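S.K.: show me how the following folds:
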Amino acid sequence: MGKKILLNAFEMTSAMHNSHGLWKHPENKRQRSYKDLNYWIDYAKLLERGKFDAVFFADVLGVYDVYKQSKTPSIQDGLQVPLNDPALLVSAMASVTENLSFAVTVSTTYEQPFGNARRFSTLDHLTNGRIAWNVVTSYLPNAARNFGLQNMIKHDERYNIADEYLDVSYKLWESSWEDGAVVEDVENNKLVDPEKVHEINHEGQYFSVEGPHLSEPSLQRTPVIYQAGTSERGRDFAAKHAECIFVGGPTPERIRFYVDDIRKRAIKHGRNPENLKIFSFLNVVVGRTTEEAEEKFKEYASVWSADAAKAQYGASGYDIAEYEELDPELPFSYNKSTEGGHYKAATLTTDAPKPLTVGEVLNRFESPDRGSFIVGNPEEVADGIQKQFEESGVDGFNLNHLVTPGDLEAFVELVVPVLQERGLYKKEYNRGTLREKLFTPGQPLLPNDHPAARFRPVLTESK
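M.R.: Down below sits the predicted model:
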């Protein structure tokens, strides 16, 4: 049996995600419905019908304000604002599904690990082990100011904080409560055995946490760890901690470079590279015919917002407005370093298939990048997905969608059956927790080669 594609719906609890300007499309329901719980309940049922592994909730803690040194372009076009807290949707979506899982983004830069650990234990309990944490380090200047900082914490220091944050989290999840701590001993008036609940007494450079953890162990103890990072430091952090890793790249060959590099780094950290699943972006526009799909893409391009796309690129720390008055024939390059998202900056430089001119860079923001989309009838789209899957070496994709829920409905109805017929996509879910579905049935806990395992009491067994 060959490797099957893993699939997450790439989502935000906002009026718009990466569909810049598409709020104007008459069939787009999300800008009116993202606040409606019934919308998300129906969304969860749709994804489970399509055998999606998870919904991957991205999140930010500020407004994009680098482009033109202003928040106006982002706010005007609804670039990930207004935005609600994704964690609060998970219980409702889990209540109407049995197998769909949920990856929730939370930053290690601004929140304390003690409260975050309880959040994820709670969600893991309420979903019967279907929860993942997408670990991010936050890259928006406005986010830093929202949490009382004048300037962003430097890129590499954010990863230093994240390393310690994960250690604190592992101690709370893996070592604070022993197995069997909840005894329900009516005869001796003892619900919990105090001898099996421990303080963690963490004293580090960034955090001081006494403990114990407030939640008893959930099915997975530690949620499945997701992480996205293509910088040198980001890849090393992912190789050390993450189980599911989200990488980007303009070509399957560039994505494979990141896949191979991260797996090699995992070995250096003492981990089995098979205990990692790697995902990349997937952009699809499908129609019943090629002509229908091309017409859809043309409609989408007609309402695209270049300003919103440029504003989102500000996550790199670079203001594209500074290039708009330059000679378009000049080679594109950066004249300074930033503390923004290195992966975003790389899309126009080191990850670009060829050196770009200023004019070529500016043109990329004017419409959806046709080269990054698979557009066609169901067979053509399945061909494109299969090619990308096989050539890039990834284990699965985060599926983007421009018009919601129409694009997802079309994918489930038209593309999923073709992938299933080809043996590339599951017809039924594996049973168990998210970790068991992704890796090994019967093993809901992190494997012993993961750095969290060193914090476990001897009594807790995992293979």
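S.K.: any chance of the backbone angles for the residue of the chain positioned farthest from its centre?
M.R.: Within the chain, the residue lying farthest from the chain centre (C-alpha atoms, centre = their mean) is residue 187, at 47.3 Å. With angles defined as degrees, to the nearest 10, residue 187 shows backbone torsions of phi -60, psi -40.
S.K.: now do residue 363
M.R.: For residue 363, the backbone dihedrals are phi -60, psi -30 (criterion: degrees, to the nearest 10).
S.K.: look up how far residue 423 lies from residue 120.
M.R.: Separation of residue 120 from residue 423 (C-beta to C-beta, to the nearest Å): 35 Å. Any C-beta I mention is one placed from the backbone N, CA and C, and that applies to glycine too.
S.K.: the more surrounded of the two?
M.R.: Just comparing residue 120 and residue 423: by other C-beta atoms under 10 Å the higher neighbour count belongs to residue 120, 23 against 12.
S.K.: name the SS class of the more buried one, please.
M.R.: Local secondary structure at residue 120 is given as helix here, using DSSP: H, G, I helix; E, B strand; the rest coil.
S.K.: tell me which residues touch the nearest residue in space to residue 327 that is not next to it in sequence, please.
M.R.: Once flanking residues are discounted, residue 327 sits nearest to residue 358: 6.8 Å by C-beta to C-beta, 6 or more residues apart in numbering. Contact criterion C-beta atoms under 8 Å, 6 or more residues apart in numbering gives 323, 326, 327, 328, 329, 330, 331, 332 as the residues in contact with residue 358.
S.K.: so how far is residue 346 from residue 358?
M.R.: Taking C-beta to C-beta, one finds residue 358 at 17 Å from residue 346.
S.K.: again, but for residue 188
M.R.: When distance is defined by C-beta to C-beta, residue 188 is 60 Å away from residue 346.
S.K.: what do you get for residue 217?
M.R.: When C-beta to C-beta is applied, the distance between residue 217 and residue 346 equals 39 Å.
S.K.: give me the more crowded residue out of these two.
M.R.: Just comparing residue 217 and residue 346: by other C-beta under 10 Å the higher neighbour count belongs to residue 217, 22 against 18.
S.K.: does that one belong to a helix, a strand or coil?
M.R.: Here residue 217 is coil, with the state taken from three-state DSSP.
S.K.: ok, it touching residue 177?
M.R.: Yes - in this structure residue 217 lies within contact range of residue 177 using C-beta atoms under 8 Å: 5.1 Å.
S.K.: residue 204: neighbour count?
M.R.: When neighbours are defined as other C-beta under 10 Å, residue 204 has 13 of them.
S.K.: ok, now the one 5 residues further on?
M.R.: By the measure other C-beta under 10 Å, the count of residues near residue 209 is 20.
S.K.: and the closest residue to it other than its chain neighbours, what does it touch?
M.R.: Once flanking residues are discounted, residue 209 sits nearest to residue 202: 4.5 Å by C-beta to C-beta, 6+ apart. With contact taken as C-beta under 8 Å, 6+ apart, residue 202 is in contact with 167, 168, 171, 208, 209, 210, 211.
S.K.: ok, residue 202 to residue 446 distance?
M.R.: Using C-beta to C-beta, we find residue 202 at a distance of 19 Å from residue 446.
S.K.: same question, residue 95
M.R.: 26 Å.
S.K.: of those two, who's got more company?
M.R.: Taking residue 95 and residue 446 together and counting by other C-beta under 10 Å, residue 446 has the greater number of neighbours (25 against 11).
S.K.: quick check, that one in contact with residue 454.
M.R.: No - in terms of C-beta under 8 Å, residue 446 does not count as a neighbour of residue 454; the distance is 10.8 Å.
S.K.: mutual contacts of those two, please.
M.R.: In the contact map built from C-beta under 8 Å, 6+ apart, no residue is linked to both residue 446 and residue 454.
S.K.: and the helix or strand bottoming out on mean pLDDT in the chain, C-alpha only, in PDB?
M.R.: Taking mean pLDDT, DSSP states H and E as the measure, the helices and strands of the chain show their lowest mean at helix 342-346, namely a mean of 74. Included here for helix 342-346 are C-alpha records, laid out as PDB according to Å, rounded to 0.1, in the frame of the first residue of the first chain:
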ATOM      1  CA  HIS A 342      12.200  35.000   7.100                       C
ATOM      2  CA  TYR A 343      10.100  32.500   5.100                       C
ATOM      3  CA  LYS A 344       8.100  35.300   3.600                       C
ATOM      4  CA  ALA A 345      11.100  37.300   2.600                       C
ATOM      5  CA  ALA A 346      12.600  34.200   0.900                       C
END
